[in-house]
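> after the sequence you'll find the predicted model.
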Amino acid sequence: MSSVFISFCFVKTVSVNEKFLTGSALYHVSNKEDEFRQFNYKGFTATPETLIENFEKNSIVLMIGCYVYEDTEYLTLIQTVPISSSTNDDTLLPEDLPYTSPLLLFSAPVLHNSFLSLGKGRECFILSKRLYNGVNNHRNIDAKITVSYDNSNNRYDAIKNNLKKTVMSVIGQLRIGKTNTPHIIASDVEWNYAGTDSKPSNTSNGGKQKTKQSFDNLLNSIEEKYANMNSKSPNKKQRVNLTSTARSNASIEKPTTTNVLNSVNEIKNRAPTSQESAKTSTDHEINID
């Protein structure tokens, strides 16, 4: 499971049949503002192993599922936990959602040359992976998630030099930027080397949480930097000089041919007699002593 979403959600619409339930829901963008984002969800309920509990419209549900951003946000439900529902006397509203930010766990290789140093101890990179959208059955969705993290205490120094050799697992607050780019403001980062155990980040929970305005400025700055990088990247690939390569291959020295019969006769002529060999061996022993 490479993209897991966890959040309290307000059920805006729901449709249920014998095999699955589907609809749309809202989640709080942050734990500071009454700002919401809408996504589409789908959950399969026909199997006995399902962890999906039925819920109603205008209810608050803890949703856990596989997240993918295509033209909008989609969630294939893994588990649902109904928290509260509307009654005849009291209809719930999106504003009744707890003030919590959505959590996203994402594991993927790092996109080549995507590392950036943002200053003031913050760094970022992009994770890239192809995902399956279980809501609309689209396959091979090219999912890219921008990850930013605090490295002011140098606890992530090993990341920069090992981005090509690792698969990153990142967990943190999910945010969508102005260019509809998903971001994770990471609270923890781990990476796996081939054939070794995961390397924990040893993160601490200390420090004050930044405001929504600071996060928005951070995301805008990241998107601008990546946009500038893409605009400056050369589109032409380096051409290979085939003529030079062919000449180089032709200049490789070929092994020489040896006359085997001449070599054998030469060895015979130089071979010492048995007496000479014995004498040489005796002299050699005397010299050693």
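Looks like it came in fine.
> quick one: the helices in this protein?
157-160, 212-232, 242-250, 260-270, 274-288 (DSSP state H).
> for the record, mean pLDDT for the last one?
When pLDDT is averaged over helix 274-288, the result is 45.
> where in this structure is pLDDT low?
1, 193-221, 232-289 (pLDDT under 70).
> domain assignment for it?
The domain map for the chain lists 3-96, 106-231, with the assignment taken from automatic domain parsing.
> ok, and what's touching stretch 144-159?
104, 106, 108, 111, 118, 120-128, 166, 168, 170, 172, 177, 181-186, 189, 191, 199, 201-203, 218-219, 222-223, 226 (Cβ atoms under 8 Å, 6 or more residues apart in numbering). Yep, even glycine has a C-beta here, placed from its N, CA and C like the rest.
> write the ChimeraX selection for whichever of those are buried.
In ChimeraX, this line selects whichever of those come out buried by 16 or more other Cβ atoms under 10 Å:
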select :104,106,108,111,122,123,124,125,126,127,166,168,170,172,181,182,183,184,185,186,189,191,199,201,203,218,219,222,223,226
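> from the contacts of stretch 144-159, which land in strands?
Under the assignment DSSP state E, those contribute 104, 106, 108, 118, 122-128, 166, 168, 170, 172, 182-186, 189, 191, 199 to strands.
> residue 171 touches residue 107, doesn't it?
No. Counting by Cβ atoms under 8 Å, residue 171 stays clear of residue 107, with 9.5 Å between them.
> neighbours of residue 113, how many?
Close neighbours of residue 113, defined as other Cβ atoms under 10 Å, add up to 11.
> residues contacting it?
Applying Cβ under 8 Å, 6+ apart, the residues near residue 113 are residue 229.
> likewise for residue 12?
If you count contacts by Cβ under 8 Å, 6+ apart, then residue 12 has 23, 24, 25, 26, 38, 57 around it.
> same thing but 6 Å
Contacts here follow Cβ atoms under 6 Å, 6 or more residues apart in numbering; on that basis residue 12 touches 24, 25, 26.
> residues near residue 14, how many?
Count around residue 14 with other Cβ under 10 Å applied: 19.
> same check on the one 10 residues further on?
Residue 24: 16 surrounding residues under other Cβ under 10 Å.
> that one reaches residue 14, doesn't it?
No. With contact defined as Cβ atoms under 6 Å, residue 24 does not count as touching residue 14 (8.5 Å).
> ok, what's across the strand from residue 116?
Residue 116 forms beta bridges with residue 124, as assigned by DSSP bridges.
> residue 94 versus that one, what's the distance?
35 Å (Cβ to Cβ, to the nearest Å).
> swap in residue 34?
From residue 34 over to residue 94 (counting by Cβ to Cβ), the distance is 8 Å.
> more neighbours: which of the two?
Legend: neighbour count by other Cβ under 10 Å for residue 34 and residue 94, higher for residue 94 (19 against 12).
> and the spatially closest residue to that one that is not a sequence neighbour, how many neighbours does it have?
Nearest residue to residue 94, sequence neighbours excluded (Cβ to Cβ, 6 or more residues apart in numbering): residue 10, at 4.6 Å. Residues lying near residue 10 (other Cβ under 10 Å) number 22.
> partners of residue 10 in the sheet?
Bridge pairing for residue 10 - DSSP bridges - gives residue 26, residue 60.
> quick check, it in contact with residue 96.
No. Between residue 10 and residue 96 there is no contact under Cβ under 6 Å: 7.4 Å.
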